[in-house]
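Colleague: quick one, fold the following:
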Amino acid sequence: MINNVSDLVNNMTPDIYKQLKRVVELGKWPTGEKMSKEQSALCLQAVIAYEENNLLPENRTGYIAPKKHTHCGSTKGEVVLEGNVVSDEAQPLTFK
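Modeller: Okay, here's the model as predicted:
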């Protein structure tokens, strides 16, 4: 028995996911009946929750691939701040 959205998503098959995704894309049920805004929102939430649990980020709805950040005038991932060369890699914060 399904008691909440988590149970629904955990029990959703790939076929049901594909059908729900298609229903949301078209805005209507397989019978041709138009979806209400509430139905569309709930189905989209279920699709997104399924993707979060079962797909790699690059395969999820709305995924935008990150672009490598380049800094003006920098070379090889280095940043020049106030005359100092700073690595593009994460640095620990230090307070003076």
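Colleague: state the mean pLDDT of the helix ranked longest in the chain.
Modeller: Criterion DSSP state H: the longest helix present in the chain is helix 37-54. The average pLDDT within helix 37-54 is 91.
Colleague: next one, pLDDT for Pro92 please.
Modeller: 70.
Colleague: and the longest helix of the chain, how far out from the chain's middle?
Modeller: Its chain's C-alpha centre and that of helix 37-54 lie 12 Å apart, by C-alpha atoms, centre = their mean, to the nearest Å.
Colleague: try stretch 13-31
Modeller: How far stretch 13-31 lies from its chain's middle: 18 Å, per C-alpha atoms, centre = their mean.
Colleague: and if you look at stretch 4-11?
Modeller: Using C-alpha atoms, centre = their mean, the offset of stretch 4-11 from its chain centre is 19 Å.
Colleague: sort out which residues of that stretch are buried, please.
Modeller: Neighbour-count burial for stretch 4-11, counted by 16 or more other C-beta atoms under 10 Å, picks out Val9. The C-beta positions use only the backbone N, C-alpha and C, and glycine is treated the same way.
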